[in-house]
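Peer 1: Need coordinates for the following:
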Amino acid sequence: MNQKGLTLLELIIVMIIIAIGAVLTTPNISGWLPNYRLRSATRDVASIMRLAQLKAISSNTPYRVSFNVLNDSYVLEYQTTGGAWVAEGGNQTLPKGVKFNTDFGNIATFSPNSTSTDGSITLNNTKGSAKRVRLLGLTGRIKIE
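Peer 2: You can find the predicted model right below:
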């Protein structure tokens, strides 16, 4: 007989090999996840700050990003003509295992003339790795270090 195909036994052996490979790679994923979350959170924080800067310039209205260290969240806000700050959108929460602290008092303000608060935000994960988002006040530059 010259039939082509796979037997049930061959198919089961291939499935077992795939399952063993999946089990062996799972521990590596758990070690990689905290660093992925840290990089992602750093990009998100820098992105919301760049958005605040662009909106401040385009709308000629001061914007700010308020950071709440207690619940690891931040929110984009703009200033009304009456001087009150109003949230634009909802609170953004950091991923699990990522914390941050600031050296400028938890509020980064962006002016319509492209200047900003001077300082930095440091984000840390559970593995001890850190990333920093730096604000250069005179130029308004936002830089990830």
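Peer 1: Spatially central residue for this protein, please.
Peer 2: Among the residues of the chain, the smallest C-alpha distance to the mean C-alpha position (Cα atoms, centre = their mean) belongs to residue 41, namely 1.7 Å.
Peer 1: which stretch of helix or strand covers that one?
Peer 2: Taking DSSP states H and E as the definition, one finds residue 41 inside helix 8-59.
Peer 1: and that helix, what other elements does it pack with?
Peer 2: Helices and strands in packing contact with helix 8-59 are listed as strand 63-68, strand 73-79, strand 107-110, strand 119-124, strand 130-136, strand 141-144; criterion 3 or more Cβ pairs under 8 Å, 6 or more residues apart in numbering; DSSP states H and E. Quick note: C-beta positions are derived from backbone N, CA and C, even for glycine.
Peer 1: ok now it, how far from the chain's centre?
Peer 2: Taking Cα atoms, centre = their mean, to the nearest Å, the mean C-alpha location of helix 8-59 is offset from the chain mean by 12 Å.
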